[in-house]
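> how does the following fold in three dimensions:
(chains A and B)
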Amino acid sequence: MKQNLYNYILGIADNSLILGQRMGELCGHGPSLETDIACTNISLDLFGQVRSYFQYASKLAGDGRTEDDIAMLRQEREYVNVLLVEQPNTDFAYTIARHFLFDVYHLLFLTELEKSKDLTLSAIAKKCIKEVRYHERFTSDWMKRLGDGTAESKAKIQEAINDLWTYTDELFHQTKADKAMVAEGIGVDVTKLKDAYYEKVNEVLTEATLETPESKYFQKGGKKGIHTEHMGYLLAELQYMQRAYPNMEW
Amino acid sequence: MTTTEQNIDDILVPILEQVSDPEIPVLSIMDMGVVRSAVIENNTVKVQITPTYSGCPAMDVIGDDIKAALKHAGYDSEVELILHPAWTTDWITPRGRKALEDYGIAAPLGPEADKDVLLHGKRFVKCTNCGSQNTRLVSQFGSTACKAQFQCDDCQEPFDYFKCLK
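Sure thing, here's the model as predicted:
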């Protein structure tokens, strides 16, 4: 099996899986009907994308593990998503800030992944990017509405951005598999996306009349499988059905 | 691959036109642009379909419906899901666009107009009920992944707009 490629795919897919799960939690709990539907729509897009990645990973694994097994039956330490996406839906400001901080990265990442030498990954990226563009519009729009809204909404979104800022740097860390895939022209060199990322985030924050945090203290670990305390609870919910009723299908 | 003397378009297109999108039943999968190829090999029809959105839950149903329709016409079939080239709203046929409008879903505008409508609140989308352009965006996301919610400020009717995907 092409172990590096397999690991590389999990690194991409786990971000969307965990973030999709977080957005899905808002089904029936969104602050308004429209935002509730939007969050679940975004969740559905992400799960759809995740299926494409895991179907490919399942083919590479070639050991009978299905897309469901890969998505649902790993232990916490085997998930390699960044810490940002597993942070909880503390309030709507956190939900929007978390997604916005990921969307800006996601768009830049997919734009590069489109050029991958791996034709399957390139095709998935081309498909995903169209959807993610809508996500980014939605979250950027809400950043501005909350930031340039009432005193209360501004205070809440600023707090969310300040809190979540510590998880942004990890987006640009590379694992061994990442480096190997970059060397083969398959993977994206995320270190090169950093400047464009902070520039874009800063642009939206400025328009939203918000302060860009200056903190240089960053958390990391998710890409190595070392997660925050929120991950176990998330996985319990994500995996419950598959563990209680083995072999259920999506 | 065996070649046949018959034009398979005449055989397969009418069958596939009977299959509709389960979420928008007035629209056949042919008018939707979801079917990318269909060939007959040794009496087995091989159909390639592509999803409108990655997470479109209708794809499994569409695959099953295609198989059922072909079975009914006497063919075994294999349905393959392909991602490349990625689906775009440009592949909805003129007949499909009309079917959407008649059904109450505004057909997608071009990418620039779409952006103006969704981001800058421009009033370009025509109300499917009264035809007025005095409409506004309620939400970028609607009842399915492919649609946004609108409301007409003249007749007050809410309606869906099929988002431009390019």
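
> all contacts plus neighbour counts: C-alpha atoms, from now on.
Fine.

> I'd assumed B:Gly55 was in contact with B:Cys146.
No: counting by C-alpha atoms under 8 Å, B:Cys146 sits too far from B:Gly55 to count as a contact (10.3 Å).

> low-confidence stretches in the chain?
You didn't say which chain, so I picked chain A. Low-confidence segments of chain A (pLDDT under 70): A:1, A:249-250.

> hm, I was asking about chain B
B:1-6.

> okay, domains of it per the record?
Domain segmentation of chain B under automatic domain parsing yields B:8-87, B:91-162.

> indicate which one of these is closest to chain A.
Distance to chain A, taken as C-alpha to the nearest C-alpha, is lowest for domain B:8-87 among the domains of chain B, at 3.4 Å.

> any idea how far apart the tips of that closest one sit?
Taking C-alpha to C-alpha, to the nearest Å, domain B:8-87 runs 23 Å from one end to the other.

> contact residues of chain B facing chain A?
B:53-56, B:83-87, B:119, B:138-145, B:165-166 (C-alpha under 8 Å from any C-alpha of the partner chain).

> give me the element B:Val39 is part of.
strand B:35-41 (DSSP states H and E).

> now for that strand, which elements pack on it?
Contact partners of strand B:35-41 among helices and strands, from 3 or more C-alpha pairs under 8 Å, 6 or more residues apart in numbering or on different chains; DSSP states H and E: helix B:8-16, strand B:44-49.

> ok, now how distant is the nearest residue in space to A:Lys127 that is not next to it in sequence from A:Gln174?
In this structure, A:Lys127 finds its nearest non-sequential neighbour in B:Ala86, 5.3 Å apart by C-alpha to C-alpha, 6 or more residues apart in numbering or on different chains. From B:Ala86 across to A:Gln174, the span is 29 Å (C-alpha to C-alpha).

> and if you look at B:Thr44?
B:Thr44 is 47 Å from A:Gln174, by C-alpha to C-alpha.

> just want to know which of these two has more residues nearby.
The neighbour comparison of B:Thr44 against A:Gln174 (other C-alpha atoms under 10 Å in any protein chain shown) goes to A:Gln174, with 18 against 15.

> element containing whatever residue of chain A ends up closest to chain B, please.
Using C-alpha to the nearest C-alpha, the single residue of chain A nearest to chain B is A:Gly48, 3.4 Å away. Element membership for A:Gly48, per DSSP H and E: helix A:33-61.

> which elements pack onto that helix?
Using 3+ C-alpha pairs under 8 Å, 6+ apart: helix A:33-61 touches helix A:3-24, helix A:67-72, helix A:119-147, strand B:135-139.

> can we see that at 6 Å?
helix A:3-24, helix A:67-72 (3 or more C-alpha pairs under 6 Å, 6 or more residues apart in numbering or on different chains; DSSP states H and E).

> the residue of chain A closest to chain B and B:Thr52 touch, don't they?
No: between A:Gly48 and B:Thr52 there is no contact under C-alpha atoms under 6 Å: 10.9 Å.

> which of the helices and strands packed on helix A:33-61 sits most buried?
helix A:3-24 (a mean of 22; mean count of other C-alpha atoms under 10 Å in any protein chain shown).

> could you give the angle of it to helix A:33-61?
Inter-element angle recorded for helix A:3-24 and helix A:33-61: 160 degrees (by axes from the mean of the first three to the mean of the last three C-alpha atoms, to 10 degrees).

> contacts made by helix A:3-24 with the rest, please.
Residues from elsewhere that reach helix A:3-24 (C-alpha atoms under 6 Å, 6 or more residues apart in numbering or on different chains): A:Cys39, A:Thr40, A:Ser43, A:Leu46, A:Val50, A:Ala57, A:Val80, A:Asn81, A:Val85, A:Ala177, A:Asp178.

> among these, which one lies nearest to B:Cys152?
B:Cys152 has its nearest neighbour among the contacts of helix A:3-24 in A:Cys39, at 24.0 Å by C-alpha to C-alpha.

> how about the nearest residue to that closest one, chain neighbours excluded?
A:Met23 (5.5 Å).

> neighbours around the closest residue to A:Thr120 other than its chain neighbours, how many?
The shortest distance from A:Thr120 to any non-neighbouring residue, by C-alpha to C-alpha, 6+ apart, is to A:Tyr56 (7.8 Å). Summarising burial for A:Tyr56: neighbours were counted as other C-alpha under 10 Å, giving 18.

> over to the one 4 residues further on?
The burial metric for A:Leu60, expressed as a neighbour count using other C-alpha under 10 Å, is 15.

> which bits of chain A sit near chain B?
Of all the residues in chain A, those in contact range of chain B (C-alpha under 6 Å from any C-alpha of the partner chain) are A:Glu34, A:Ala38, A:Asn41, A:Leu44, A:Asp45, A:Gly48, A:Gln49, A:Ala123, A:Lys127.

> which one of those is nearest B:Gly104?
A:Glu34 (19.3 Å).

> and for the closest one, nearest residue in space, chain neighbours not counted?
Closest to A:Glu34 by C-alpha to C-alpha, 6+ apart is B:Ser139, at 5.8 Å.

> counting by contacts, list what the helix or strand that contains A:Ser153 packs against.
If you go by DSSP H and E, A:Ser153 is part of helix A:151-164. On a contact count with 3+ C-alpha pairs under 6 Å, 6+ apart, helix A:151-164 meets helix A:92-113, helix A:119-147.

> using CSV, please lay out those helices together with mean neighbour count.
Shown next, in CSV, are those (neighbours: other C-alpha atoms under 10 Å in any protein chain shown):
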stretch, mean neighbour count
helix A:92-113, 22
helix A:119-147, 21
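
> out of those, the one nearest B:Ala73 is which?
Across those, closest to B:Ala73 is helix A:119-147 (C-alpha to C-alpha), at 32.9 Å.

> helices or strands next to that closest one in the packing?
The helices and strands touching helix A:119-147, judged by 3+ C-alpha pairs under 6 Å, 6+ apart, are helix A:92-113, helix A:151-164.

> one more pass at 8 Å, please.
With contacts defined as 3+ C-alpha pairs under 8 Å, 6+ apart, helix A:119-147 has these neighbours: helix A:33-61, helix A:92-113, helix A:151-164, helix A:194-207.

> centre of the chain to it, how far?
11 Å (C-alpha atoms, centre = their mean, to the nearest Å).

> could you give the angle of it to helix A:92-113?
150 degrees.
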